[in-house]
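S.K.: sequence-free structure coming up:
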């Protein structure tokens, strides 16, 4: 099977997208198609043959008359244009309607002109609603379920017009034409609000640039970043954004990486320094050699993760899907019953039928269907602006309901920047101990091993060893020129039955032995991260327990926990021990997050309800393994992610409750005014206007989340 994702724009409403999705799923070459109206995204799983974009458009055109733009996901599309051809056509139609209304209330207001007004208003309705009628007829012809807002407006318009003819009331003609006209105007306003909101969210996190200054011989050519290949040289000057991941080969500059990390900490970019796409050159000029293709660059990966986050829907999203499925048919049936029963038990059949039509025009669920997914996408966008990449709306829900955060120590709560504080040789010289440690640790991926090599790298060039083994939680061993060297924890030496000293120093201790003989140890120190205390304190204030899981010895873990205010810890753990502890906590029903580096903690991160990986800006494994990637090593971002999730949930809940209160309020008010004999208090056009206004208001409320600050 082949999976492809596209950007799809042009749908007037969520129901149009749903109808098109259902029709695509009937295509013989398509296994599954999913359209996300809120985020302009189409995902297609093909059985064998991949369809061309024109074929996809043709399939959708069988049930949907809206002109669509479809491009592969990631390819930039033109910005939403308000004043396009369709806008001016609609404007002309509205002007015609206004002229008809003006004539009926001036030159033709006498009752004797009733049939003339009938003809004028009929032409006005056809002019303003021909596209709506066409959509409804198209769906009926293709045996698609036509029950959507377009059918509701058609019923309301035809119903009001029919009542006007029967009652011979000219002002009822205006009611019919105003309903359809305001609906069309509302569609335009909703389209503007929704599309501009979508663009604002995308622009907030889209760091891709339009061009790159590529060096070609002695010339510099402006090319699209997608055309760059590994090894190409590009020049980036003051005020420009780095277009591709690479290494500085020439020049120096002050680089702002806040667009990736959410923190303004300028760094110096000099020769041999790695720079990432999306960074802004504040001062200076550099030449960068591309080390990644554009499709695998940092900004492309972040953008893909954020746009693909819509695949994993939140609980609110799922509620909206079910709500939209049942809300419109339910209101349709209720309206029909109200109209029929009211007409049978009273003599005012026309008033009850008008009441039923009023109830119909607010039966569209667009306010909720559009605003809720947009709220979650705005939340993911806000997280992206703060250097937090969330890989699904569902993880925002999980964050809100967290009970515990399990955290690793090294590189998470501490800097992970170890320094050798003390060297204690045993029956060898200090230089010999360090030499052997360098040899055995030179292939290690663990922060301690890397730190040892960095501290003593002047001893050797990179050495070739044999039979290198790295065992997480234990240590490393290898063969070199006939010697078997091991280095690591007490557990490793106990396994080899090697007797070692028991030092009393605080810090991380790495022991070393050669050919089964103990030769000493080194003590390494690490600093607590500046914001680690804030993270622990803020989470505890929100009733989220923080538990330390570390492979370090008990004494070091206890000291760290006292400094940070962590009440519970487990020490001297192997990676599999962390997984076991996580399983135990989850079996009690608690929601658990785990925070690690995304490399050594991959199994635990994957198994947690929410897995955090620190320092994702340069780590492929962090991006792959985690549910949430923190682009910096700042632990405070863990709390920020929780806070953003809480803000997002609050906006979504408010939108749902407010929409239901307003819609039900309109229905009840219309019902009560009809019973009291004052149906004119809430005319049908006012109900349409209120419903449109509600959608726009909630879309704006969802968008405002993108611009909020994350506070304590």
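M.R.: Sure, I can see it. Nothing here was measured: the structure is a model prediction, and the numbers come from that model. Residues are numbered from 1 along each chain as shown.
S.K.: So which residues of the stretch 101-250 of the chain form helices?
M.R.: Under the criterion DSSP state H, counting those that start in this stretch, the stretch 101-250 of the chain contains helices at 114-141, 149-167, 170-205.
S.K.: will you turn the ones you listed into TSV that also has mean neighbour count, distance to residue 96 and mean pLDDT?
M.R.: Placement of C-beta: from N, CA and C, glycine included. Output for these, formatted as TSV (neighbours: other CB atoms under 10 Å; distance: least, CB to CB, whole Å; pLDDT from 0 to 100):
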stretch	mean neighbour count	distance to residue 96	mean pLDDT
helix 114-141	18	5	87
helix 149-167	21	16	83
helix 170-205	21	10	78
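S.K.: May I see those organised as TSV, with distance to residue 213 added?
M.R.: Shown next, in TSV, are those (distance: least, CB to CB, whole Å):
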stretch	distance to residue 213
helix 114-141	47
helix 149-167	49
helix 170-205	23
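S.K.: Out of these, flag the one nearest residue 347.
M.R.: helix 149-167 (13.2 Å; CB to CB).
S.K.: Next, the angle from the closest one to helix 170-205.
M.R.: Between helix 149-167 and helix 170-205, the angle comes out at 170 degrees (axes from the mean of the first three to the mean of the last three CA atoms, to 10 degrees).
S.K.: tilt between helix 149-167 and helix 114-141?
M.R.: Using the same axes, to 10 degrees: helix 149-167 against helix 114-141 is 150 degrees.
S.K.: which residues touch helix 149-167?
M.R.: Outside helix 149-167, the residues that touch it by CB atoms under 8 Å, 6 or more residues apart in numbering are 13, 15, 118, 121-122, 125, 129, 132-133, 135-136, 169-173, 175-177, 179-180, 183, 328, 332, 350, 353-354, 356-358, 360-361, 363-364, 366, 684.
S.K.: how is the protein carved up into domains?
M.R.: Domain assignment for the chain by automatic domain parsing gives 2-57+68-72, 85-202+308-374+647-707, 229-292, 388-413+529-631, 419-525.
S.K.: my read is residue 604 is in a strand, agree?
M.R.: No - using DSSP: H, G, I helix; E, B strand; the rest coil, the assignment for residue 604 is helix, not a strand.
S.K.: from what I can see it touches residue 579, true?
M.R.: Yes - between residue 604 and residue 579 there is a contact at 5.4 Å, judged by CB atoms under 8 Å.
S.K.: for the one helix or strand residue 55 maps to, which positions count as buried?
M.R.: Secondary structure from DSSP states H and E places residue 55 in helix 53-61. By neighbour count with 16 or more other CB atoms under 10 Å, helix 53-61 contains the buried residues 56, 57, 59, 60.
S.K.: Looking at those, which is nearest residue 390?
M.R.: Proximity of those to residue 390 (CB to CB) peaks at residue 56, which lies at 29.3 Å.
S.K.: one step back: who's more crowded, residue 604 and residue 579?
M.R.: Using other CB atoms under 10 Å as the criterion, residue 604 and residue 579 rank with residue 604 on top: 26 against 19.
S.K.: ok, now which ones touch that one?
M.R.: By CB under 8 Å, 6+ apart, the contact list for residue 604 reads 406, 549, 575, 578, 579, 582, 594, 596, 611.
S.K.: how about a cut-off of 6 Å?
M.R.: By CB atoms under 6 Å, 6 or more residues apart in numbering, the contact set of residue 604 is 578, 579, 582, 594.
S.K.: out of those, which is most surrounded?
M.R.: Compared across those, residue 594 has the highest neighbour count, 31 neighbours, by other CB under 10 Å.
S.K.: From what I see, residue 670 and residue 682 are in contact.
M.R.: Yes - between residue 670 and residue 682 there is a contact under CB atoms under 6 Å: 5.0 Å.
S.K.: Show me which of those two is the more surrounded one.
M.R.: Higher neighbour count among residue 670 and residue 682: residue 670, with 26 against 19, using other CB under 10 Å.
S.K.: so is that one in a helix, a strand, or just coil?
M.R.: With three-state DSSP as the basis, residue 670 sits in helix.
S.K.: circling back: and the helix holding residue 55, how far out from the chain middle?
M.R.: Remark: helix 53-61 is offset 28 Å from the chain centroid, using CA atoms, centre = their mean, to the nearest Å.
S.K.: if you average pLDDT over it, what comes out?
M.R.: Per-residue pLDDT over helix 53-61 has a mean of 89.
S.K.: Next: stretch 270-290.
M.R.: 90.
S.K.: Show me how far it is from its chain's centre.
M.R.: Centre-to-centre, stretch 270-290 and its host chain are 28 Å apart (CA atoms, centre = their mean).
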